[in-house]
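> 3D model of this:
(one chain, ligands or ions: 1)
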Amino acid sequence: MTPSTPNDADDALLARLAERLGSDAVLAPEDRYLEEPRGRYRGQAAAVLRPADTEAVSAAVRLCSEARVGIIPYAGGTGLVGGQVVESGPLPVILSLERLTRIRDIDAIDNVMTVEAGVILADAHAAAEAADRLFPLWLASEGTARIGGLLGTNAGGVNVIRYGNARDLCLGVEAVMADGTVLHGLSRLVKDNMGYDLRHLLIGSEGTLGIITAASLRLHPATPERATAWIAAASPDEALALLQHLRARLGGTISAFELIASEGLAFLAETLPRVAVPDLRSEWFVLTEAADVRGSDVGDRLESALAEALEAGMARDALIAQSAAQRDAFWTVRETIPEANRLIGSISSHDISLPPARLAEFVTEAGDALAALDSGMRINCFGHLGDGNLHYNVFPAKGRARADYDGLRGAVKVLVHDMTHAAGGSVSAEHGVGRLKSGDLARYGDPAKLATMRAIKAALDPAGILNPGAVLPPS
Ligand SMILES: Cc1cc2nc3c(=O)[nH]c(=O)nc-3n(C[C@H](O)[C@H](O)[C@H](O)COP(=O)(O)OP(=O)(O)OC[C@H]3O[C@@H](n4cnc5c(N)ncnc54)[C@H](O)[C@@H]3O)c2cc1C
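The predicted structure follows:
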């Protein structure tokens, strides 16, 4: 059941690819395809292929399949687990979807938008908005991440609390399978139980089972009335109680509920002082947003719900954005925390999820356990509280360097992941497995699940050419 090892991409294959795709579609790999956002991996490839349409993707895959050469699907390159870069092993080709940028169709009655895999998320947002609809997948990488990568990783982001992950926003996919066959699955149907749902097999498979070339995406009614608040909370527990209260008062209009630790604001002050932080003092903060259709009174409802929360001791203080500029300023703080983290330089970063009810206890216990390992390490824990998703990142003590902790890095990661697993959580909440966490899949995954995944991989990609080395650990 183990797929075989691919061959190196050689000049003869590159010549055949150039002949079929055009020489401008077979390029020497520039640095931007070989690097990834956190600088953890440096990739290698014989060439970058830039096919112009699905047919050309199919032809490229067919040629690579005949030559048994590895293919790394590449969309926006913003993935955070090394899924889009391969550092060693047989020399693969990178297959970039960047030229498949057509929005094929928008139907405001079916509420479906059919887009190609290279469409940038921000462009998908703009297209939906022009049709007075909302495509609610939202993440800070929206200006670079592309639909193929977002579906490949089943991306999450800030609106999952209301609309679900990328998977929940996709009705169907068109994909090129490992032998070059095109799977025609651009369904526009909400209900379709005709056999196995291959869309859900491909979404989140990180390019290891097929290359998504287009997708039919689910649109939602536009919600132009937005009310945004920055709230001081005493603890994650208090923030969770506040979330229950806001949901009871505002129902499904709560679209985002982000937990932010004061350490994140300290990092911003240290590294990016130009970012204006709201003037409230606390250990913890919440950034929440409620959104609704035109003519709703969502702002008034959020204000009165927050007044009740303050009176009931479920929050310490709150600021409601009084303008679009102030709302943007609140969001800028949240969006720039990852950049501040990068500038400080983490010892170890963790994208984890926990059952929300266990989250507050986890934060306390993991903090204590890390302090026992090495006192002084700083923890910046923030994330999508409503989904139980924390970005739990551990940093050097003030005045010490990342390199001082080289000997401790593995222990920090194992401690956080073991505690997450013990609490019934996942060590990959929204970023995927890629190459960074394939070992964790073996360590924490159910053996039967892993065996089934290997069987699926062997059936769909027997030569092991699709994103070799990603997701599945060596057997
Ligand atoms: C600043 C910043 C903020 C972020 N915030 C979030 C967040 O809030 N939530 C979140 O979930 N992620 C977040 N991410 C991670 C990242 O943006 C997502 O994982 C995104 O889905 C990757 O999309 P991409 O187009 O950049 O894909 P890439 O990085 O190019 O690829 C990602 C993976 O998908 C595979 N792939 C690419 N194209 C295809 C295709 N057409 N078919 C099949 N597989 C394919 C690749 O081989 C790789 O394994 C963030 C990243 C950054 C840099």
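> show me which residues of the stretch 51-200 of the chain sit near the ligand.
72-80, 83-84, 97, 117, 139-141, 145-146, 148-150, 152-153, 155-157 (C-beta under 6 Å from any ligand atom). To be clear about C-beta, it is placed using only N, CA and C from the backbone, and glycine gets the same treatment.
> mind running it again at 8 Å?
72-81, 83-84, 97, 117-118, 121, 138-141, 144-158, 165-166, 175 (C-beta under 8 Å from any ligand atom).
> what is the burial count for the residue in the stretch 301-450 of the chain positioned nearest to the ligand?
In the stretch 301-450 of the chain, the residue that lies nearest the ligand is Glu430 (3.5 Å; C-beta to the nearest ligand atom). When neighbours are counted by other C-beta atoms under 10 Å, Glu430 registers 23.
> make 200 the starting number, not 1.
Done: numbering now begins at 200, and the last item shifts to Glu629.
> quick one: secondary structure of the closest residue to it other than its chain neighbours?
Excluding the flanking residues, the one nearest Glu629 by C-beta to C-beta, 6 or more residues apart in numbering is Gly355, at 3.3 Å. Three-state call for Gly355 (DSSP: H, G, I helix; E, B strand; the rest coil): coil.
> what's Ala460 sitting at in phi/psi?
phi -90, psi 150 (degrees, to the nearest 10).
> pLDDT value on the residue of the stretch 500-649 of the chain closest to the ligand, please?
As predicted, Glu629 sits at a pLDDT of 96.
> remind me which residues of this structure are low pLDDT?
Across the chain, the ranges flagged by pLDDT under 70 are 200-203.
> of all of the stretch 350-499 of the chain, which residue lies closest to the ligand?
Closest residue of the stretch 350-499 of the chain to the ligand, C-beta to the nearest ligand atom: Gly351 (2.8 Å).
> center of this structure - which residue?
The structure's the chain has its C-alpha centroid closest to Ala354; by C-alpha atoms, centre = their mean the separation is 3.6 Å.
> wait, isn't it in contact with Arg366?
No. With contact defined as C-beta atoms under 8 Å, Ala354 and Arg366 do not form a contacting pair (9.2 Å).
> in strands only, show me the residues of the stretch 250-399 of the chain next to the ligand.
Counting by DSSP state E, the members of those that fall within strands are 271-273, 374.
> and the residue of the stretch 250-399 of the chain that's closest to the ligand?
Nearest to the ligand, among the residues of the stretch 250-399 of the chain, is Gly348, at 1.9 Å (C-beta to the nearest ligand atom).
> excluding its backbone neighbours, what's nearest that residue?
The nearest residue in space to Gly348 (C-beta to C-beta, 6+ apart) is Ala274, at 3.0 Å.
> contacting residues for that neighbour?
By C-beta atoms under 8 Å, 6 or more residues apart in numbering, the residues touching Ala274 are 283, 295-297, 316-317, 344-349, 351.
> over to Ala431?
Ala431 sits next to 479-481, 483-484, 514-517 when contact means C-beta under 8 Å, 6+ apart.
> go again using 7 Å as the cut-off
Neighbour list for Ala431: 479-481, 484, 514-516 [criterion: C-beta atoms under 7 Å, 6 or more residues apart in numbering].
> compare the residues you listed and tell me which has the most neighbours.
Highest neighbour count within these: Phe484, with 29 neighbours (other C-beta under 10 Å).
> which helix or which strand is home to that residue?
strand 483-491 (DSSP states H and E).
> do the same with Ser627
Here Ser627 sits in a region with no helix or strand, counting by DSSP H and E.
> that one contacts Lys636, doesn't it?
Yes. When contacts are counted by C-beta atoms under 7 Å, Ser627 is listed as touching Lys636 (5.3 Å).
> okay, the two: which has more neighbours?
Neighbours of Ser627 and Lys636, each counted by other C-beta under 10 Å, are more numerous for Lys636; the result is 24 against 21.
> wait, doesn't that one sit right on Val280?
Yes. Using C-beta under 7 Å, Lys636 is in contact with Val280, at 5.9 Å.
> strands of the stretch 400-549 of the chain, start to end?
Taking DSSP state E, counting those that start in this stretch as the test, the strands found in the stretch 400-549 of the chain are 410-417, 419-420, 424-432, 453-460, 483-491, 516-519, 547-552.
> next, format those strands as CSV and append distance to the ligand.
Listed next are the strands of the stretch 400-549 of the chain as CSV, based on distance: least, C-beta to the nearest ligand atom, whole Å:
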stretch, distance to the ligand
strand 410-417, 4
strand 419-420, 18
strand 424-432, 17
strand 453-460, 10
strand 483-491, 13
strand 516-519, 23
strand 547-552, 8
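> return the most buried member of the ones you listed.
Comparing the strands of the stretch 400-549 of the chain by mean neighbour count (mean count of other C-beta atoms under 10 Å), strand 410-417 comes out on top with a mean of 27.
> in its sheet, what does that strand sit against?
strand 311-315 (antiparallel), strand 369-375 (antiparallel) (DSSP bridges).
> buried set for stretch 353-371?
Buried residues in stretch 353-371, defined by neighbour count with 16 or more other C-beta atoms under 10 Å: 353-365, 368-371.
> any idea which helix or strand carries Lys648?
Per DSSP H and E: helix 646-659 holds Lys648.
> what packs against that helix?
If you count contacts as 3 or more C-beta pairs under 7 Å, 6 or more residues apart in numbering; DSSP states H and E, helix 646-659 packs onto no helix or strand.
> show me what contacts the nearest residue to Ala511 once chain neighbours are set aside?
Sequence neighbours aside, His444 is the residue nearest to Ala511 in space, at 7.5 Å (criterion: C-beta to C-beta, 6+ apart). Neighbour list for His444: 504, 508, 513 [criterion: C-beta under 7 Å, 6+ apart].
> can you give me the helices in the stretch 400-549 of the chain?
Using DSSP state H, counting those that start in this stretch, the helices found in the stretch 400-549 of the chain span residues 435-449, 461-470, 497-510, 523-543.
> residues contacting the longest one, please?
For helix 523-543, the external contacting residues (C-beta under 7 Å, 6+ apart) are 237, 339, 425, 427, 429, 457, 459, 463, 466-467, 470-471, 474-477, 486, 520, 579, 581, 592, 594.
> one more: stretch 234-246?
208, 213, 225-228, 232-233, 271, 276-279, 281, 283-286, 290-293, 541.
> for ChimeraX, what selects the buried ones among those?
Entered in ChimeraX, the line below selects the buried ones among the contacts of stretch 234-246, by 16+ other C-beta under 10 Å:
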select :208,213,225,228,232,233,271,276,277,278,279,281,283,284,285,290,291,292,293
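> the contacts of stretch 234-246 in helices, which ones?
Counting by DSSP state H, the contacts of stretch 234-246 place 213, 232-233, 541 in helices.
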